[in-house]
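Q: What shape does this take:
(chains A and B)
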Amino acid sequence: GENVEQHPSTLSVQEGDSAVIKCTYSDSASNYFPWYKQELGKRPQLIIDIRSNVGEKKDQRIAVTLNKTAKHFSLHITETQPEDSAVYFCAASASQAGTALIFGKGTTLSVSS
Amino acid sequence: DSGVTQTPKHLITATGQRVTLRCSPRSGDLSVYWYQQSLDQGLQFLIQYYNGEERAKGNILERFSAQQFPDLHSELNLSSLELGDSALYFCASSATSGATGELFFGEGSRLTVL
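A: Numbering: from 1, shown residues only, chains lettered A, B, ... in the order given. So this is what the prediction gives:
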């Protein structure tokens, strides 16, 4: 089955800096790669996703890149703000029946002002 | 508000006991997923149901079972509880049968086993 590795586990940046979180996956059949943000004491929420037919996707200060050959994808947050502080999870899944969305172990991002 | 409702929000019980966690998906969503969140373990996939049928299974213990009812709500049953079962259990729903669309998570049920 799918295995998703996520690095780093913790990341501390200054307000205004960029943050990058990287994930690798094992199943070459995976074709959907979302990122979820979980604020303290809250539920995970989707912030951006990318499908395998696209190499990069951007939404304001957030961007995701995908390298299918190397089986890795990354989340880039520019101009970080204190409200970006949260746990970020990457995930991967495939279209086949019987597969599920498998999450990485999460990255705790702390943005200090 | 995601539209996914989970009850109870908090539950404290003793080892060896059995509990049932309940989830009502968003209106119109046919898929329900259960995830376990423990410290340092991220979101561990347990099981998925789609329109009443089991669709995908993760590392769900034999002591755990789930089902989805005709009204689409789902229940996760945890039995012979151990200290290590203490965790936050999330239910999520989606409109599609496959796992390639947005999941909408409930607020979670926090289980403490003493």
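Q: Give me every residue in chain B lying close to chain A.
A: Taking Cβ under 8 Å from any Cβ of the partner chain as the measure of proximity, chain B contacts chain A at B:2, B:33, B:35, B:40-45, B:48, B:55-56, B:58, B:90, B:97-103, B:105-108. C-beta here means a position set from N, CA and C on the backbone, and glycine is covered the same way.
Q: Contacts for the helix or strand bottoming out on mean pLDDT in chain B, please.
A: Least confident helix or strand of chain B, by mean pLDDT, DSSP states H and E, is strand B:53-57 with a mean of 93. Residues from elsewhere that reach strand B:53-57, judged by Cβ atoms under 8 Å, 6 or more residues apart in numbering or on different chains: A:Ala97, A:Gly98, A:Thr99, A:Ala100, B:Ser31, B:Phe45, B:Ile47, B:Gln48, B:Tyr49, B:Gln68, B:Ser97, B:Ala99.
Q: Just the pLDDT for the third one.
A: Which is A:Thr99. Per-residue pLDDT puts A:Thr99 at 81.
Q: quick revisit: of the residues of chain B next to chain A, buried ones?
A: The neighbour-count test (16 or more other Cβ atoms under 10 Å in any protein chain shown) applied to these identifies B:2, B:33, B:35, B:42-45, B:48, B:55-56, B:58, B:90, B:97-101, B:103, B:105-108 as buried.
Q: wait, what's in contact with residue 15?
A: No chain in the question, so chain A it is. With contacts defined as Cβ under 8 Å, 6+ apart, A:Glu15 is in contact with A:Thr80, A:Gln81, A:Pro82, A:Val111, A:Ser112, A:Ser113.
Q: Sorry, I should have been clearer: chain B.
A: Per Cβ under 8 Å, 6+ apart, neighbours of B:Thr15: B:Leu81, B:Glu82, B:Leu83, B:Val113, B:Leu114.
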